[in-house]
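Asks: Here is a sequence together with a model predicted from it:
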Protein chains: 2
Amino acid sequence: MNPDLVLYDSRIQQYVATLDIAALEALESITETKTYPKGSLMLKAGQICRNSFELVSGIARKYHLHNGAEITNEIYFEHDLALSFGSYALQRPSEEYIEALTDVTARVIHYDSFQKAKEEHPMLRQLDLMLLEYYGIWVEDRMNQMRRYSATERYKQLLEHTPHIIKSVPLTYIASYLGISLETLSRIRSRR
Amino acid sequence: MNPDLVLYDSRIQQYVATLDIAALEALESITETKTYPKGSLMLKAGQICRNSFELVSGIARKYHLHNGAEITNEIYFEHDLALSFGSYALQRPSEEYIEALTDVTARVIHYDSFQKAKEEHPMLRQLDLMLLEYYGIWVEDRMNQMRRYSATERYKQLLEHTPHIIKSVPLTYIASYLGISLETLSRIRSRR
DNA sequence: CGACATATTGAGATCCATCAACCAATGTGG
DNA sequence: CCACATTGGTTGATGGATCTCAATATGTCG
């Protein structure tokens, strides 16, 4: 994975470790653990993304429709934070779907509750900001990947940096995540 | 431009209008207006991006090197906020350059000063967060553009949404901003 | 004017998508 | 437990979009 992301992730962990008990309890009190069966939609396009999902177990993906085809934007595993960024930030209807690829258990926090908690516990603002920055760096990195590298190179980097994705997710989704057709991905994999 | 971005921009304006005088004065006191001659580098790769530049006049671009070629990542005009996001957020060395394409005047704020100002004026935190969200939405939008649309479509959308870019920036930079070769851009433009 | 940056045009090569056929594994209803 | 559908993946043939290299044109500024 991008070393900047690794670094930043550890900074977030460190920051969380410094949160006072009141803030942690506030977080806990607004967190609801829910389960979603394989194949179900945790968020549908048209809805406002009012929840953030921190995956406890299972795999999920975020996708949108383009000319009738599903384009996978992001794939989530344990500990990942799933949400439709634009929809969440603006509280406007989402263009994206979030689908459970396996049975999923997630810690769910409602947007309003989190906003309120931030008011009462300013330490959470810093956390919010850090999560936001993390996402910004991630998206930027991903865009650079898409811009700079060929299909083959992108696949190789995925193999290198996040092999668990390839092991546990159908190739169809990986192909569209990489921005290539399933057939091309299949050929890339068969070469050597 | 993306309607979400327009909406969010107005929300930021609204928020700024509610800032108390102390916060505004704090901002003012840490702002330094500087000028950069055409062709000069406001940020070099390898340096840490310690400043944010709010352009008052002129045009600038951000780029990185890939296999010796300059790839333009972003183009800035009046009122735009120029910085290398990853480098600024983490205060780590930048991979990007920021170059003045014309003589540029900018309101410059140092990272440390802004952090301090945020401590003293919590209202500025919210502003920081909003700017961050704005950038997140922008990057996401841009990535979607790159993923979903062909070179021709991307050019057309640029024409439609931000025609001032095309009018005032050499095609070389526009081509690399769009992720296509100069020759392809030239052909796209000549068709019809 | 001459020099250097910027843009256009042409020809050929390359990457990748699309369409279509096929295959293997898994699941399901009778 | 068999016949068949479904899902996920492979393979081949073809075409289109875009890149690269190279030559030429246009513009601009000291």
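Replies: It's in. Numbers count the residues shown, from 1 in each chain, chains lettered A, B, ... in the order given.

Asks: any idea which helix or strand carries residue A:53?
Replies: For residue A:53, the host element (DSSP states H and E) is strand A:51-57.

Asks: what angle do the top helix by length along chain A and strand A:51-57 make?
Replies: The longest helix of chain A (DSSP state H) is helix A:123-148. If you take axes from the mean of the first three to the mean of the last three C-alpha atoms, to 10 degrees, helix A:123-148 sits at 80 degrees to strand A:51-57.

Asks: Please identify the residues of chain A in proximity to DNA strand C?
Replies: Within reach of DNA strand C by C-beta under 7 Å from any atom of the strand, chain A has these residues: A:150-152, A:179-181, A:183-184. Backbone N, C-alpha and C define where each C-beta goes, glycine included.

Asks: now, the most widely separated pair of these?
Replies: A:150 and A:183 (15.7 Å; C-beta to C-beta).

Asks: So residue A:38 lies in a strand, does it not?
Replies: No - Residue A:38 sits outside any strand when classified using DSSP: H, G, I helix; E, B strand; the rest coil, being coil.

Asks: What about it, how many residues nearby?
Replies: 12 (other C-beta atoms under 10 Å in any protein chain shown).

Asks: Kindly report the same for the one 4 residues further on.
Replies: If you count neighbours by other C-beta under 10 Å, residue A:42 ends up with 22.

Asks: Distance-wise, check it relative to residue A:160.
Replies: Note on residue A:42: its distance to residue A:160, by C-beta to C-beta, to the nearest Å, is 29 Å.

Asks: circling back to that earlier point, what's in contact with the very next helix or strand once past the longest helix of chain A?
Replies: Next along the chain after helix A:123-148, taking DSSP H and E as the criterion, comes helix A:151-161. Outside helix A:151-161, the residues that touch it by C-beta atoms under 8 Å, 6 or more residues apart in numbering or on different chains are A:1-2, A:145-146, A:149, A:165-166, A:174, A:178-180, A:184-185, A:188-189.

Asks: let's see it at 7 Å
Replies: The contact list for helix A:151-161 (C-beta atoms under 7 Å, 6 or more residues apart in numbering or on different chains) reads A:1, A:145, A:149, A:165-166, A:178, A:180, A:184-185, A:188.

Asks: cool, and stretch A:114-134?
Replies: Taking C-beta under 7 Å, 6+ apart as the rule, stretch A:114-134 contacts A:8-9, A:11-12, A:15-16, A:19-20, A:22-23, A:26-27, A:30, A:81, B:89, B:122, B:125, B:128-129, B:132-133, B:136.

Asks: again, only using 8 Å
Replies: Counting by C-beta under 8 Å, 6+ apart, A:5, A:8-9, A:11-12, A:15-16, A:19-20, A:22-23, A:26-27, A:30, A:52, A:81, B:89, B:122, B:125, B:128-129, B:132-133, B:136 sit against stretch A:114-134.
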